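Novice: Have a look; sequence and predicted model below, questions after that.
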Amino acid sequence: MYKLLTAQGLTIEAWYCDDTSIQGGLDKQFGQSIAWDVPLLEGYSYKFFPNQSWNPSPGNGFWGIVNFNLLRMIWKSPKSIYVINGWQFFTYVSATLLAFVKGSEVWMRCEMPLNQERLNGNLSSILRRWVLKNIYFKLYTKFLYIGTENENFYKHLGVDKSKLFFTPYSVDNDRFSKEADHLIGAKNLIKSKLDIPEKSRVILFSGKYIEKKRPLDLMQAYQHCNVKNKYLIFLGDGELREKMETYAKDFQLKNVLLTGFINQSEVSKYYAIADLFVMCSSYGETWGLSINEAMNFSLPIIVSDAVGSAIDLVRHGENGYIYPVGDVNRLTQYIDKVFASDQFAKLAGASSKKIVDQFSYSDILVGLKQALKNP
């Protein structure tokens with residue numbers, strides 16, 4: 001995204017508060033050290049700032065990201081526009097306050113969907129919302145929303161419509177679409193290498209095996225669905241792996257593959273052989289970018305109604321289905337419905353591709369340009 005924005009003439013610099021994705025490090029939810037194997041730093045200007053937290057990690061809460069050198073850079077820099085991705089870290093809040101004091105513009109781009117925020121009814125959440133609405137959001141000039149529920153979240157906290165600009169949550173559609181076209185004739189070869197029967201109808205899950213993702217819901221639905229020649233792939237890894245393996249063994253489930261962690265350069269092969277993509281996540285899944293990835297491969301989609309992107313990416317009955325989170329019976333029914341008609345599956349996949357084309361880096365560029373023109 002930064003590469004595209006730079007190529008289109010925007011003067012930007014990405015400031016990173018942590019270099020784990022580059023250097024590699026332990027991902028507690030995957031249960032192993034992870035370093036991405038696709039280029040992350042090409043074609044744009046960037047800076048890395050040392051994380052000076054006494055317990056450094058994005059997974060360690062508010063005090064897990066502390067970058068005093070970044071704050072000094074804001075103080076020394078001329079007036080600029082700072083796009084900040086929330087309020088969950090010390091650096092984010094401090095940078096917001098400092099930039100505001102310096103007279104710079106501060107723009108917000110967070111992930112929070114309103115349908116999930118409404119579930120937080122405890123006292124600390126109520127207090128946090130009051131602070132955001134009456135103090136913190138007053139420091140921001142503009143708000144870049146990633147989807148409908150995120151836009152509703154800002155409006156719910158009193159942000160005026162004139163300050164809202166659509167910059168959709170996106171993946172690299174160009175890359176994934178090219179890989180989809182490249183792999184379209186290699187499906188049987190890929191299946192053969194994975195020991196998957198050629199005529200299998202593949203259901204794909206992509207994500208960490210953690211409670212929030214609810215992978216066991218899909219395993220139960222797979223157990224009871226009536227799809228012939230079915231095959232289930234769990235693309236990922238995590239702490240629930242042993243439970244999932246035990247469940248498959250106890251109920252003698254056939255044709256279930258738990259891949260382990262698969263890096264970005266290899267994930268397209270699994271999307272290419274899939275016939276259906278499913279995301280079962282509970283609340284806490286603020287968007288679900290693997291849905292975007294799957295839609296670039298023209299796949300029907302089934303998601304729970306707790307997923308933040310459901311309202312934007314899935315048109316119920318057109319490119320897939322939305323079911324109540326945790327309702328395994330309904331999930332099972334929708335899996336059966338997708339595979340009951342080859343014609344529906346084909347049309348649903350084509351619809352997915354058209355929808356995701358509107359959630360692209362180019363659309364982010366359009367939103368940013370509109371925000372820059374708006375006084």
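Specialist: Arrived safely, thanks for sending.
Novice: Please look at residue 41 and residue 22 and confirm they touch.
Specialist: Yes. Assessed by CB atoms under 8 Å, residue 41 is found in contact with residue 22 at 7.2 Å. Just so you know, the C-beta spots here come from the backbone N, C-alpha and C atoms, and that holds for glycine as well.
Novice: Now for those two: what residues contact both?
Specialist: Shared contacts of residue 41 and residue 22, defined by CB atoms under 8 Å, 6 or more residues apart in numbering, are absent.
Novice: tell me which element residue 242 is part of?
Specialist: According to DSSP states H and E, residue 242 maps onto helix 241-250.
Novice: Do me a favour and average the pLDDT over that helix.
Specialist: The average pLDDT within helix 241-250 is 97.
Novice: buried sites along that helix?
Specialist: Neighbour-count burial for helix 241-250 flags 241, 244, 247-248 (criterion: 16 or more other CB atoms under 10 Å).
Novice: any idea which residue sits dead centre in this structure?
Specialist: residue 289 (2.9 Å; CA atoms, centre = their mean).
Novice: Next, count neighbours for the closest residue to that one other than its chain neighbours.
Specialist: Nearest residue to residue 289, sequence neighbours excluded (CB to CB, 6 or more residues apart in numbering): residue 171, at 5.6 Å. Neighbourhood size, residue 171 [other CB atoms under 10 Å]: 20.
Novice: Quick one: classify residue 171 as helix, strand or coil.
Specialist: Three-state call for residue 171 (DSSP: H, G, I helix; E, B strand; the rest coil): coil.
Novice: What helices and strands are in contact with the biggest helix by length in the chain?
Specialist: In the chain, taking DSSP state H as the definition, the longest helix is helix 342-356. Applying 3 or more CB pairs under 8 Å, 6 or more residues apart in numbering; DSSP states H and E, we find helix 342-356 packed against helix 289-295, helix 310-313, helix 328-340.
Novice: Quick one: closest of these to residue 116.
Specialist: Closest to residue 116 of these, according to CB to CB: helix 310-313, at 11.2 Å.
Novice: What residues of whichever strand or helix holds residue 223 count as buried?
Specialist: Using DSSP H and E, residue 223 maps to helix 215-224. Neighbour-count burial for helix 215-224 flags 215-223 (criterion: 16+ other CB under 10 Å).
Novice: Just want the angle from the next helix or strand after it to helix 215-224.
Specialist: Sequence-wise, the next helix or strand downstream of helix 215-224 (DSSP H and E) is strand 230-235. In terms of direction (axes from the mean of the first three to the mean of the last three CA atoms, to 10 degrees), strand 230-235 departs from helix 215-224 by 170 degrees.
Novice: Could you give the separation of strand 230-235 from the chain centroid?
Specialist: 20 Å (CA atoms, centre = their mean, to the nearest Å).
Novice: Okay, and residue 14 sits in which element?
Specialist: Per DSSP H and E: strand 13-16 holds residue 14.
Novice: How about the helix or strand just after that strand, which residues are buried there?
Specialist: Sequence-wise, the next helix or strand downstream of strand 13-16 (DSSP H and E) is helix 20-23. By neighbour count on 16+ other CB under 10 Å, the buried set for helix 20-23 is residue 20.
Novice: quick one: average pLDDT of helix 20-23?
Specialist: For helix 20-23, mean pLDDT is 78.
Novice: neighbouring contacts of it?
Specialist: Helix 20-23 is contacted from outside by 34-36, 40-41, 48, 57-58, using CB under 8 Å, 6+ apart.
Novice: how far is that helix from where the chain is centred?
Specialist: 19 Å.
Novice: which outside residues touch stretch 245-253?
Specialist: 216, 219-220, 222-223, 232, 256, 258.
Novice: likewise stretch 93-102?
Specialist: 70-71, 74-75, 77, 79-80, 82, 84, 87, 105-106, 136, 139-140.
Novice: residues touching the residue nearest to residue 217 when sequence neighbours are not counted, list them.
Specialist: The shortest distance from residue 217 to any non-neighbouring residue, by CB to CB, 6+ apart, is to residue 280 (4.3 Å). Going by CB under 8 Å, 6+ apart, residue 280 touches 205, 213-215, 217-218, 303-304, 325, 331.
Novice: let's see it at 6 Å
Specialist: Shown in contact with residue 280 (CB atoms under 6 Å, 6 or more residues apart in numbering): 214, 217-218, 304.
Novice: and if you look at residue 204?
Specialist: Residue 204 neighbours (CB under 6 Å, 6+ apart): 233, 274, 277.
Novice: Could you report the separation of the last one from residue 193?
Specialist: Residue 277 is 21 Å from residue 193, where distance means CB to CB, to the nearest Å.
Novice: The two: who's more crowded?
Specialist: In terms of neighbours (other CB under 10 Å), residue 277 is the more surrounded of residue 277 and residue 193; the figures are 27 against 10.
Novice: what's across from the more buried one in the sheet?
Specialist: When bridges are called by DSSP bridges, residue 277 pairs up with residue 204, residue 301.
Novice: how many neighbours does residue 129 have?
Specialist: By other CB under 10 Å, the residues close to residue 129 number 15.
Novice: hang on, it in a helix?
Specialist: Yes. Under three-state DSSP, residue 129 sits within a helix.
Novice: rewinding a little: and the contacts of stretch 245-253, which is closest to residue 335?
Specialist: Residue 335 has its nearest neighbour among those in residue 222, at 7.6 Å by CB to CB.
Novice: quick one: contacts for the closest one?
Specialist: Residue 222 makes contacts with residue 232, as judged by CB under 6 Å, 6+ apart.
Novice: Tell me the pLDDT of it.
Specialist: Residue 222 carries a pLDDT value of 98.
Novice: any idea how far it lies from residue 216?
Specialist: Plainly put, residue 222 is 10 Å away from residue 216 if you go by CB to CB.
Novice: cool, and residue 325?
Specialist: 13 Å.
Novice: Residue 203 too?
Specialist: Computed as CB to CB, the residue 203 to residue 216 distance reads 14 Å.
Novice: That concludes my questions; thank you for your assistance.
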